[in-house]
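Peer 1: task: produce atomic coordinates for the following.
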Amino acid sequence: MPPATLSMVKERNTTMILDLLMNDKFSRAELSRATGLTRSTVGEIIKEMLDLGIVQEEKTTSGKIGRPAIKISIRKDWAHVIGISVERNGVCARLIDSNKNILKSSEIVKVRTYGSLKELQNDIYKVVDETYHFARMNKIEISAMGIGMPGPFDPLTGSLKSVPSFPVAENFSPKLLLEGKYNVSVWLGNDADMGALGEKYFGKGKNLGSFIYVFLDKGIGSGIVINGELYVGASGYAGELGQLTIVKGKKEIFLEKLCSVDSVIKKTRSIGVDDLNDLKELAKAGNKLAIDTIVEVARHIGCGIVSLIYLFGIPNIIVGGMLLELGDLFLNKVRETIKRNLFHKHEVQLLKSDLGNQAISLGAASYTLVKHTITKLRERKMLRKRNTEMWGRLT
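Peer 2: Predicted coordinates:
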């Protein structure tokens, strides 16, 4: 096997072990069983992590006679990272340590979608500056940052391409913006993908090997986790549910154009409603247009989710985003639509996210913690290789 391939395999194995340790403590034997890796492979990876100060050993007793078991856990002070969520009408930042404790949250929410790139950039600076101020006051060093925001992105520059309903962000590179000012590595990901990771590490996806996170907001998208790994596809934008094409009359329309928050409100302004909660209350009071609007949106979303279920073979769905403010009528109609359109009957689990607007920023932070750790291990390996080669030349 070529050296480059060997290195990729080792990083993949390291990521699997790190992924498990982010949610619990494990012995080396338990890590071997959980990953399918040999004990010697696990031992080698753990040794590298111990040498770099990523993990620590803890002796535990089970009450049985014999030597205490040694568990491996991630050191709380290994890294501190900021996860940032940038959406069409707001920005938030959350600082976590390497045990996933949330140390600081900072958030700005706008009534309307951002009207200029300068306004968006200023708000990003505000939440990050506030987080850095907290870190300095508490003698915390920021290791890296991660951002989740609507995509797609240029893979070379990290700049956003054309983003539906978010024209001010086109050609904007938040990665370059933040790396230039704060001098730390910045990792970038799609908002729904980061939401899926937020659910995986902090929410209802913690105990699910495979699931789809559906983000229903001013934009509509989904993040797909298969066997514990985020699936983004060959071009990096798998799961763009909002761009599912629907034939309506003689037109072909994206699902997002019919069901995003702004599209829903646009339909109900004729009855004086410009808020999702007001629309929900009006439907409760029996207003036909309000009821019909919620039901129509729920049916479209339900059909979109059915497509995801059959395309990826995953029956576990977690939904989040502002559209959930439409209440039980909306969610129940989504469930009914899914059940009605399954061509063979099997159990589908539709779960409502408990993370609210935290999912994306926490997912971005978790994603960054993994990327930062793997990068530091890679740098250490390269440094050791250079030192070995230099010593060889000298001798």
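Peer 1: what number of residues lie near the residue lying closest to residue 228 once chain neighbours are set aside?
Peer 2: Excluding the flanking residues, the one nearest residue 228 by CB to CB, 6 or more residues apart in numbering is residue 209, at 5.8 Å. Using the backbone N, CA and C atoms, a C-beta is placed for each residue, glycine as well. When counting by other CB atoms under 10 Å, one arrives at 13 neighbours for residue 209.
Peer 1: relative to residue 191, how far out is residue 129?
Peer 2: 22 Å (CB to CB, to the nearest Å).
Peer 1: these two: who's more crowded?
Peer 2: Taking other CB under 10 Å, residue 129 and residue 191 do not tie; residue 191 has more neighbours (27 against 14).
Peer 1: I figured the more buried one hits residue 88, correct?
Peer 2: No - shown here, residue 191 and residue 88 do not form a contact pair, counting by CB atoms under 8 Å, at 9.8 Å.
Peer 1: find residues that contact each of these two.
Peer 2: Common contacts of residue 191 and residue 88, defined by CB atoms under 8 Å, 6 or more residues apart in numbering, comprise 150, 219.
Peer 1: helix or strand next in line after whichever strand or helix holds residue 290, which one?
Peer 2: If you go by DSSP states H and E, residue 290 is part of helix 288-312. Sequence-wise, the next helix or strand downstream of helix 288-312 (DSSP H and E) is strand 316-320.
Peer 1: so which elements touch that following strand?
Peer 2: helix 191-202, strand 211-216, helix 288-312, strand 349-352 (3 or more CB pairs under 8 Å, 6 or more residues apart in numbering; DSSP states H and E).
Peer 1: buried residues of the following helix or strand past it, list them for me.
Peer 2: The helix or strand immediately downstream of strand 316-320 is helix 327-341, counting by DSSP H and E. Buried residues in helix 327-341, counted by 16 or more other CB atoms under 10 Å: 327, 329-331, 333-335, 337-338.
Peer 1: so where's the stretch 1-150 of the chain shaky on pLDDT?
Peer 2: The model of the stretch 1-150 of the chain has pLDDT under 70 over residues 1-6, 61-67.
Peer 1: show the average pLDDT along whichever helix in the chain runs longest.
Peer 2: Taking DSSP state H as the criterion, the chain has its longest helix at helix 358-394. Averaging pLDDT along helix 358-394 yields 85.
Peer 1: again, but for stretch 334-352
Peer 2: For stretch 334-352, the mean pLDDT works out to 91.
Peer 1: picking that back up, among the buried residues of helix 327-341, which one sits closest to residue 266?
Peer 2: Nearest to residue 266 out of the buried residues of helix 327-341 is residue 330 (CB to CB; 17.0 Å).
Peer 1: could you check how far that closest one is from residue 10?
Peer 2: Distance from residue 330 to residue 10, by CB to CB: 46 Å.
Peer 1: list the buried residues in the helix holding residue 290.
Peer 2: Those buried within helix 288-312 under the rule 16+ other CB under 10 Å are 290-291, 293-295, 297-306, 308-309, 312.
Peer 1: now the angle between helix 327-341 and it, please.
Peer 2: Relative orientation of helix 288-312 versus helix 327-341 (axes from the mean of the first three to the mean of the last three CA atoms, to 10 degrees): 50 degrees.
Peer 1: show me what helix 288-312 is packed against.
Peer 2: When contacts are defined as 3+ CB pairs under 8 Å, 6+ apart, helix 288-312 packs onto strand 211-216, strand 220-226, helix 255-259, helix 261-268, helix 276-284, strand 316-320, helix 327-341.
Peer 1: for residue 119, find the nearest of those.
Peer 2: Closest to residue 119 of the helices and strands packed on helix 288-312 is helix 261-268 (CB to CB; 17.7 Å).
Peer 1: which positions in that closest one come out as buried?
Peer 2: By neighbour count on 16+ other CB under 10 Å, the buried set for helix 261-268 is 261-265, 267-268.
Peer 1: next, format these as TSV and append pLDDT and distance to residue 39.
Peer 2: Shown next, in TSV, are the buried residues of helix 261-268 (pLDDT from 0 to 100; distance: CB to CB, whole Å):
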residue	pLDDT	distance to residue 39
261	92	51
262	89	55
263	91	55
264	92	55
265	90	58
267	86	60
268	88	61
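Peer 1: for those, give me CSV that also has distance to residue 180.
Peer 2: Below are these laid out as CSV (distance: CB to CB, whole Å):
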residue, distance to residue 180
261, 32
262, 32
263, 36
264, 38
265, 37
267, 42
268, 43
